[in-house]
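Visitor: Predicted model and sequence below, questions to follow.
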Amino acid sequence: MAVTLKFLSEKSGLSITTVSLILNNKNVRVSEKKRQLVLKLAEKYNYVPNYLAQGLVTKKSKAIGLIVPDITNMFFAEIAKNVERKINSEGYSIVLCNTNDNPADELKYANLLFAKGVDALLVCPAVESKGYFDYIENFIQAGKGVIVFDRYFEGNPCSSVISDNLKGSIDAVKYLIKKGHRKIGCITGPANSYSSRLRLEGYKTALQEEGIVYDEKLVKTGNYQFNGGYEQGLDLLKENITAVFICNDLMAYGFYHAAKECGKRIPQDISVIGFDDLLFSAMLDVPLTSVNQNVEAISENILLLLKEILEGSKEIKHIVIPTKITERQSVSEILSIK
């Protein structure tokens, strides 16, 4: 039997309205004894709020859509966990969708979440999803806010939270240069990814500012996945580089595997710096030096924007989170040869 407000009303001897106010922690003129009675009855009979019925009245579903491209990537998993924990405490729930970086799946899930009436949408777009802004417009026109995080596309008509990809990459490459490295390779993400383009630009900028000639043979295009770091790493290791900047940690893990297969020791034969600073980066046999994107700050700013949206704000904001380098053991110092 489904336990309803009417059932709890009859058991407690209070009106349905009063019971509802108590369960929603609202101010109501009732004794503490009666308040506790309602709460104990709700617990005893395992009362579950009917959000669908409430939504018909309030026009709110108390649900937030969250679309990520790869839930197996610890970066996205951490953001999902942080956001879910906080909004659960505010009485909201998360509807999580994983696209496997497929833009068709992203569009499918966005339309599904729109049909389900979620109150807002948080999305990290698939790399190829630049042409799918119609679904964002649908949410906005319906009065439901959208926040894009981690990946941003020019012309995006909504708020965003991203890390400072350009500055973080400049810092990473200059870190290698200060350690004496001059022949530095780079494994980028997909060429049409906003973050990938900025990280490659940071690589080029750092070389230029330090008087090192850019060599396109030392740049390989990966896919932000383990296999991309492995396959491009095998190719890049033929170039006799002394260090490599890899544009995310998952590809760095793949590069580690490629280096081992080629008989290269990290950091004795080749130094490696990644971008993300995932949890597993500290657990490798040779812990990975990496650019920390500050997942906590990204999550907090997503939540701040979300709170404003749920309170009715229509203002569009673009927030850039500073990065920092987490130093570990994957980079060695060598004599600089100029």
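Guide: The structure has been received and is ready for your questions. Numbers count the residues shown, from 1 in each chain.

Visitor: my guess is Gln208 contacts Glu201, does it?
Guide: No: look at Gln208 against Glu201 with C-beta atoms under 8 Å: they stay out of range, at 10.4 Å. Heads up, the C-betas are built off the backbone N, CA and C, glycines and all.

Visitor: So these two - more neighbours on which side?
Guide: For Gln208 and Glu201, the more surrounded residue by other C-beta atoms under 10 Å is Glu201, and the numbers stand at 14 against 11.

Visitor: what's that one in contact with, if anything?
Guide: By C-beta atoms under 8 Å, 6 or more residues apart in numbering, the residues touching Glu201 are Leu166, Ser169.

Visitor: While we're on it, how confident is the model there?
Guide: Glu201 is assigned 97 on the pLDDT scale.

Visitor: List the buried residues for the helix or strand encompassing it?
Guide: Secondary structure assigned from DSSP states H and E places Glu201 in helix 194-209. Residues of helix 194-209 classed as buried by neighbour count (16 or more other C-beta atoms under 10 Å): 194-200, 202-207.

Visitor: Equivalent analysis for stretch 224-235, please.
Guide: For stretch 224-235, by 16+ other C-beta under 10 Å, it's Tyr224, Gln225, Phe226, Gly228, Gly229, Tyr230, Glu231, Gln232, Gly233, Leu234.

Visitor: Which residues are in contact with the closest residue to the first one other than its chain neighbours?
Guide: So that's Tyr224. Closest residue in space to Tyr224, ignoring its immediate chain neighbours: Gly189 at 4.5 Å, by C-beta to C-beta, 6 or more residues apart in numbering. Neighbouring residues of Gly189 by C-beta under 8 Å, 6+ apart: Val127, Ser195, Ser196, Arg199, Thr221, Gly222, Asn223, Tyr224, Cys247, Asn248, Met251.

Visitor: just to revisit the earlier point, ok, the buried residues of stretch 224-235 vs Ile334, which is closest?
Guide: Ranked by distance to Ile334 (C-beta to C-beta), the buried residues of stretch 224-235 are led by Gly233 at 19.8 Å.

Visitor: still on that earlier bit, export the helix holding Glu201 as PDB, just CAs?
Guide: Taking C-alpha atoms only, helix 194-209 is exported to PDB below (Å, rounded to 0.1, in the frame of the first residue of the first chain):
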ATOM      1  CA  TYR A 194      37.800  23.600 -27.000                       C
ATOM      2  CA  SER A 195      39.900  22.500 -24.100                       C
ATOM      3  CA  SER A 196      42.300  20.600 -26.400                       C
ATOM      4  CA  ARG A 197      42.800  23.600 -28.600                       C
ATOM      5  CA  LEU A 198      43.600  25.800 -25.600                       C
ATOM      6  CA  ARG A 199      46.000  23.300 -24.100                       C
ATOM      7  CA  LEU A 200      47.800  23.000 -27.500                       C
ATOM      8  CA  GLU A 201      48.000  26.800 -27.700                       C
ATOM      9  CA  GLY A 202      49.400  26.900 -24.200                       C
ATOM     10  CA  TYR A 203      52.100  24.400 -25.300                       C
ATOM     11  CA  LYS A 204      53.000  26.500 -28.300                       C
ATOM     12  CA  THR A 205      53.000  29.800 -26.200                       C
ATOM     13  CA  ALA A 206      55.300  28.400 -23.600                       C
ATOM     14  CA  LEU A 207      57.800  27.200 -26.200                       C
ATOM     15  CA  GLN A 208      57.700  30.600 -27.900                       C
ATOM     16  CA  GLU A 209      58.100  32.600 -24.700                       C
END
